Structures are given as structure tokens and as C-alpha cells.
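Enquirer: got a sequence here, can you build the structure:
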Amino acid sequence: RDARMAGVDWDKIRATVRHYADIMKRATLEANEDWLLLQRGSSSAVMFLLESPELYQWLKFRCDSITRYFKELSEAIHAANAKVDFRFNTCWPEAEFIGQDLTQIGKYVDSIRIMDYAEQTGDEERVLNKGKWLANVRRQVGEDKIIIDSIAPRAKATPDLIRKGIRTVALGGADGLAYGFYDGATIERLEAIKAGMADCEIKLR
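Expert: Have a look, this model is predicted:
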């Protein structure tokens, strides 16, 4: 209803989404042929948007809807208590693919927490790449918005990776540091957190 009121061709959107869903499931012989072509090729996201403008209409409509939801939440929360820090936990490094436009959402939240737990993968490259996600969010929400980045000292995290993760987000310009899944942290990993914070002159408030 809201999509049609906004002038979006909802029926065409549904047909196109169904088409690609069938391809992903290889639901028919034709869909299987399309799936094989996609696997062999290197089609970009922009290519799909140009071929099917209704997909962009859907994405834009979803972004607008989610932004409106954040606006309503923010107004209700701050009407109840103006001192509340309305924080958004962003979970996806490419949130735009699921219809989250942080340039707009950022206007209605007080702070953003990046839930990047790369340390627990044991992959040093992923840990060193934490700064890319942080830089993207900073560019989208601006210098004045508080950004909290995260560290996960469990699973395959090592003391070295923990210290590197802390250093990466500290040098990347995060305003604060959060620790997720510390339930699985050993004493050695907790000591690495303390050492990493000291190395980067991060202080508790």
C-alpha cells in the first residue's frame, strides 16, 4: 500500500524479485540456465540496477521506510527521556544492500556501534581491514557523530590479534571501544585488551 502510494510499481518489483529468487533456487530449467550464466560472469550490482530499474525503486523505498522508522523511534524515545543515548548497532559492513542508508539513519540516532568481531575469526587480514568499515561509517555519518567500534576476544582471537584490532580502530578514529562476547575470553585475552588499550592510550570513563 505504501509503495503504491509512493508511486512505486509494486507488481513489477514482485515479479522481478521472484525472477531472481527462482534463479537463486534454480527452480526451473530456464532459471538454472540463468544461474549458470551468472556464475560464469562478473555482473556488478550497478549492472542489475540498470537492467531492472524497479530493483533500485525497491531499494530506495526500503531505505526511506527504514529511515522513517528510525525517525519515529528517535522522536518517541527522546520525548520520553531527552537524555537517552539512542544507539544503533550496525551489523553489516555493506548495510546498503539491505536498505539501510546511514547518511539518513545517522540523523536520528545519537551514536552508532559497529559490530565488527573480526578478531574471533583468527584472520589477521580481516582484523586489519576493520578500519575500512569504520571509515565508511564515519564518512556517512560525519565527524560529530559518536562511533563505538567493537572487539571480540573469544574463539580464535589471539592476544596479538586483539591488540591489532584495538590499534586499528583507535587509529581509525573511533570515539569508543566496546567488547563483545567476553564470556569466552581467557585471562590471557583479557590481559591483551588491557595492554592494547594502554598502547593506544585509551582510558576508561
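
Enquirer: in the strand ranked longest in the chain, what's buried?
Expert: Secondary structure of the chain per DSSP state E: the longest strand is strand 146-151. Within strand 146-151, the residues that count as buried by 16 or more other Cβ atoms under 10 Å are 147-151. (Glycine included, C-beta is placed from N, CA and C.)

Enquirer: that one: what's the following helix or strand?
Expert: helix 159-171 (DSSP states H and E).

Enquirer: show me what secondary structure element comes after that following helix.
Expert: Taking DSSP H and E, what comes next after helix 159-171 is strand 176-179.

Enquirer: that following strand - contacts with which helices or strands?
Expert: If contacts are counted by 3 or more Cβ pairs under 8 Å, 6 or more residues apart in numbering; DSSP states H and E, strand 176-179 sits against strand 146-151, helix 159-171.

Enquirer: wait, which of the buried residues of strand 146-151 is closest to Asp175?
Expert: Checking the buried residues of strand 146-151 against Asp175 by Cβ to Cβ gives Ile147 as the nearest, at 5.4 Å.

Enquirer: partners of the closest one in the sheet?
Expert: Ile112 (DSSP bridges).

Enquirer: my guess is it meets Met115, correct?
Expert: No. Checked against Cβ atoms under 8 Å, the pair Ile147 and Met115 is beyond contact range at 11.9 Å.
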